[in-house]
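Model the following, please.
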Amino acid sequence: MGLLDELEKEAARLHSVGAGDGAAVVVQRERVAAWEDQLKPAVERFGEYLTRLAATLSAARRRIRLVYPIAGYGDAVAFGEAPFECRVTPAATQVEIEFSFAAQVSPEESTLVVADTPSKVRLVNGLLQNHQLAGLHDVTKNANGDAVSGRFQARGRIPVKVHGIATLESGQLKLTLSNVEAFGTLQRSMTADALTEDTFDALGRYLLRENPHFGREKVGADVRRQLQSQVQRDQVRREWEAKLATQLQEDEKRVVSLMAASASPGTFVRRMGGAISRLLQRDGR
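Down below sits the predicted model:
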């Protein structure tokens with residue numbers, strides 16, 4: 001251990017213990033000891049594992065197939081490819097880790113959606129844009145240049161990331177996993193005892209999509225019922241959104257048909273005949 005490392009270690013002890021005494025000092029000393037002897041070494045081993053994983057995946061040119069469901073559209077299928085990167089930033093009282101790669105969406109393997117009305121074009125386009133994706137092609141436009149129909153197959157890049165930070169104060173590693181099994185983030189917290197080789201291997205297989213989930217936490221019956229209620233509410237909301245989208249399409253078609261009928265020559269002649277008849281009747285009075 002070099003001079004600077006020794007000084008940083010001593011500064012961390014002084015910062016954590018402070019000038020107090022008694023029971024609080026004992027607790028702080030135990031926390032520092034747990035950090036230096038257990039949590040920090042475990043997190044550093046975790047960082048070494050992810051660094052090796054990134055290097056091995058890049059060397060093997062591994063492709064990771066990821067599927068992202070998008071309600072109202074379908075599945076965006078993407079492939080994670082090199083470069084796989086891992087950055088570990090150690091300090092006296094914290095260690096930060098970030099493992100990342102980009103997944104390129106494959107339009108050929110993603111859901112094909114045919115949008116045959118302007119409202120459906122706007123709907124699907126908005127759903128993809130919510131995730132910074134595109135995919136509209138074979139577009140038909142009206143005289144104003146607005147898209148009235150087209151085909152959608154998702155395309156774009158999706159950032160995939162595992163971010164972890166462990167601090168002396170928290171006493172645990174807090175993990176944030178972004179865009180792995182679906183769009184969005186998952187939060188996991190782990191103590192030093194949980195950071196084992198089996199855990200590292202489980203995370204690696206989760207990132208390769210060999211394991212569907214990682215570190216799924218146990219929940220009580222009350223929480224489970226709340227989650228089930230939320231899922232049911234979300235399902236009802238999606239069903240209503242689908243019904244409204246269908247109704248909007250039908251309304252647009254009905255308006256277009258009425259406008260077309262009113263613009264037909266026969267309708268125009270009948271309307272003109274009726275107007276002339278009313279004028280003649282008024283003059284006859």
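
Using the record's assignment, carve this structure into domains.
Domain assignment for the chain, taken from automatic domain parsing, gives 3-217, 218-285.

Could you pull up the mean pLDDT of the longest one?
So the one you mean is domain 3-217. For domain 3-217, mean pLDDT is 91.

That domain: how far from the chain's middle?
Relative to its chain's centre, domain 3-217 lies at 10 Å (CA atoms, centre = their mean, to the nearest Å).

ok, back up a step: comparing the domains of the chain, which comes out most buried?
domain 3-217 (a mean of 16; mean count of other CB atoms under 10 Å). Quick note: C-beta positions are derived from backbone N, CA and C, even for glycine.

Show me what whichever strand or helix holds residue 66 is packed up against.
Element membership of residue 66 [criterion: DSSP states H and E] is strand 64-70. Here strand 64-70 touches strand 74-90, strand 94-105, strand 157-167, going by 3 or more CB pairs under 8 Å, 6 or more residues apart in numbering; DSSP states H and E.

same thing but at 6 Å, please
Judged by 3 or more CB pairs under 6 Å, 6 or more residues apart in numbering; DSSP states H and E, the packing partners of strand 64-70 are strand 74-90.

could you check the angle strand 157-167 makes with the strand it packs on?
Between the axes of strand 74-90 and strand 157-167, defined by axes from the mean of the first three to the mean of the last three CA atoms, to 10 degrees, the angle is 40 degrees.

Run through the strands of this protein in chain order.
Ranges of strands in the chain, per DSSP state E, are 64-70, 74-90, 94-105, 113-115, 134-141, 147-155, 157-167, 173-178, 185-190.

Just send the ones you listed back as JSON lines, with distance to residue 55 too.
Below are those laid out as JSON lines (distance: least, CB to CB, whole Å):
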{"stretch": "strand 64-70", "distance to residue 55": "15"}
{"stretch": "strand 74-90", "distance to residue 55": "8"}
{"stretch": "strand 94-105", "distance to residue 55": "11"}
{"stretch": "strand 113-115", "distance to residue 55": "39"}
{"stretch": "strand 134-141", "distance to residue 55": "33"}
{"stretch": "strand 147-155", "distance to residue 55": "29"}
{"stretch": "strand 157-167", "distance to residue 55": "15"}
{"stretch": "strand 173-178", "distance to residue 55": "20"}
{"stretch": "strand 185-190", "distance to residue 55": "23"}
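
for those, which one sits closest to residue 233?
Closest of the strands of the chain to residue 233 is strand 64-70, at 17.9 Å (criterion: CB to CB).

what residues does that closest one touch?
75-80, 103, 127, 183, 208 (CB atoms under 6 Å, 6 or more residues apart in numbering).

Just name the closest of those residues to residue 193, please.
residue 208 (25.1 Å).

mind listing what that closest one touches?
residue 64.

With residue 166 instead?
By CB under 6 Å, 6+ apart, residue 166 lies in contact with 39, 43, 95, 173.

thought residue 63 was touching residue 79?
Yes. Between residue 63 and residue 79 there is a contact under CB atoms under 6 Å: 4.9 Å.

Okay, residue 207 and residue 48: tell me how far apart.
16 Å (CB to CB, to the nearest Å).

do the same with residue 195
Computed as CB to CB, the residue 195 to residue 48 distance reads 12 Å.

Kindly report the same for residue 57.
Distance of residue 57 to residue 48, given as CB to CB: 15 Å.

cool, residue 89 as well?
According to CB to CB, residue 89 stands 14 Å off from residue 48.

same thing with residue 190?
Counting by CB to CB - residue 190 and residue 48 are separated by 16 Å.
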